[in-house]
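> When you get a sec, could you give me coordinates for this:
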Amino acid sequence: MSSNFPDSIDGPRAMKRKTITLSQQNLVGESYFYNTSLPVVLKPTVEGLSLPHWAKDNIELIKERLVTVGALLMRGFKTPTVAEFEEFLNIVAGDLVDYSYRSTPRELVSGKIYTSTGYPAHQTIPLHNELSYSRQWPMMLGFFCVHPSEDGGETPLADSRKIFARIDPELRNKFSRLQVLYARNYGDGLDLSWEDVFQTTERAEVEEFCRTAGIEWSWKSNGRLSTAQICQAVATHPQTGEQVWFNQAHLFHVSCLEPEVRDALLAGEEDELPRNTFYGDGSVIEDADLNAIRSAYEQEKVVFQWERGDVLLVDNMLVAHGRRPYRGERKVVVGMGQIYDGVS
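Numbering: from 1, shown residues only. A predicted model of the protein is given here:
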């Protein structure tokens, strides 16, 4: 069924491919979507091939291709279960991690596999790198399409290296020098509660987390919590040495909200907003700067349609991801692994 959403999909939707190489024993072919190099598609040349079983014998191949191109789409393997998806991620990423210090609502599916972000279906989730609003983040993300939506619901991707290159050097250097200040307020029912974000009901545990992570915090009346943290705007990939655009200044900023919500919130105290971003010195990030960043993401955006059983593996520093609006049932689950400390 064709999408009725306004921004069109050109090359990826055409589904034309050209094979570029074959993996070990010719069991899996490697190809590109038409007119784009992201993601690389790995598809079996034989029927009924199990993804976890194949991955066990091809770990180095998977890791080498992932750190080169940034995203691998495994399509056409024997349709895995959620448990087999988690097994696959454990093979390539090691022990998976809990989704703590959250910024979006998710539900635990099983083990350490979670639902994708639970925002309403009509909303767009802007392109971003997972937990780039923190000083620690997962290096590897896995997505499993249990059920594609009837219409829309794609997961756009964008190369963080190319986004970095597209941003004007003067603006890039300003962000790199000043970094990004994330200000969050929890407890008014307008965003996640602090109990949900930190996955605890104990204030002492929250304080210990903040102390360890370099987050400033203060408790307010009625059990509310405010936090502030300065994090990187630009990061260097530990394996490739490449610089990438790595922050969520554009996503946390109040201007990302729908106009009626933003106007209502700004009618009150600006320092009480559920979330907002500033330059690291506390100065305002100008609309023109944010628009330039959003334009860079948009120009690098690549979109493909999910198919049932697809598994997408993403290098979280090299590739940003998002979500388009959708209609009908949609179930995509996610897992994360290989925590990296961007401060050390």
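> Which helix runs longest in this structure?
helix 287-300 (DSSP state H).
> who's in contact with the following helix or strand past that one?
Next in sequence after helix 287-300, counting helices and strands by DSSP states H and E, comes strand 311-315. Contact partners of strand 311-315, identified using C-beta atoms under 8 Å, 6 or more residues apart in numbering, comprise 39, 51, 62, 66-67, 70-75, 77, 80, 85, 88, 92, 139-145, 155, 157, 321. Glycine gets a C-beta too; all of them are placed from N, C-alpha and C.
> These in helices, which ones?
Those of the contacts of strand 311-315 lying in helices (DSSP H): 51, 62, 66-67, 85, 88, 92.
> In TSV: the residues you listed, plus pLDDT and neighbour count.
Shown next, in TSV, are these (pLDDT from 0 to 100; neighbours: other C-beta atoms under 10 Å):
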residue	pLDDT	neighbour count
51	96	24
62	96	19
66	97	23
67	96	17
85	97	27
88	97	26
92	97	20
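> which among those gets closest to residue 225?
Residue 225 lies nearest to residue 85 out of those, by C-beta to C-beta, at 34.3 Å.
> about what we covered before: now compare the ones in helices among the contacts of strand 311-315 and name the two farthest from each other.
Counting by C-beta to C-beta, the most remote pair of the ones in helices among the contacts of strand 311-315 is 67 and 85, 21.0 Å apart.
> counting contacts, what elements does the longest helix of the chain pack onto?
On a contact count with 3 or more C-beta pairs under 8 Å, 6 or more residues apart in numbering; DSSP states H and E, helix 287-300 meets strand 125-128, strand 157-159, helix 160-166, helix 169-178, helix 249-252.
> Now do the last one: which elements does it pack against?
It stands for helix 249-252. Checking 3+ C-beta pairs under 8 Å, 6+ apart, helix 249-252 ends up next to strand 125-128, strand 275-279, helix 287-300.
> what does the shortest one rub up against?
With C-beta under 8 Å, 6+ apart as the test, strand 125-128 has contacts from 117, 119, 156-158, 248, 250-251, 256, 294, 297, 301, 320-323.
> Burial check on the closest residue to residue 328 other than its chain neighbours, number of neighbours?
Spatially, and ignoring its direct neighbours in sequence, residue 328 is nearest to residue 150 (3.1 Å; C-beta to C-beta, 6 or more residues apart in numbering). The number of residues packed near residue 150 is 12, by other C-beta atoms under 10 Å.
> go on, residue 288?
Residues near residue 288, counting by other C-beta under 10 Å: 9.
> Please tell me how far it sits from residue 170.
According to C-beta to C-beta, to the nearest Å, residue 288 stands 12 Å off from residue 170.
> ditto for residue 197
Distance from residue 197 to residue 170, by C-beta to C-beta: 34 Å.
> With neighbour numbers in mind, choose between those two.
residue 197 (20 against 7).
> so what's the backbone phi/psi at that one?
Phi and psi for residue 197, reported as degrees, to the nearest 10, are phi -60, psi -50.
> Let me know whether it touches residue 106 as I believe.
No - look at residue 197 against residue 106 with C-beta atoms under 8 Å: they stay out of range, at 11.3 Å.
> For residue 336, list the residues it contacts.
93, 96-97, 99, 112, 130, 138, 140-142, 316.
> Mind checking which of these land in strands?
138, 140-142 (DSSP state E).
> Max pairwise distance over the residues you listed: which two?
Maximum distance among those (C-beta to C-beta): 9.8 Å, for 138 and 142.
> If you count surrounding residues, which of these two has more?
More neighbours surround residue 142 than the other of residue 138 and residue 142, with 25 against 22 (other C-beta under 10 Å).
> For that one, name its beta-bridge partners.
Bridge pairing for residue 142 (DSSP bridges) gives the partners residue 313, residue 335.
> quick one: residue 133 and residue 103 touch, right?
Yes - taking C-beta under 8 Å as the definition, residue 133 is a contact partner of residue 103 at 6.3 Å.
> what is in contact with these two at once?
Common neighbours of residue 133 and residue 103 (C-beta under 8 Å, 6+ apart) are 248, 252.
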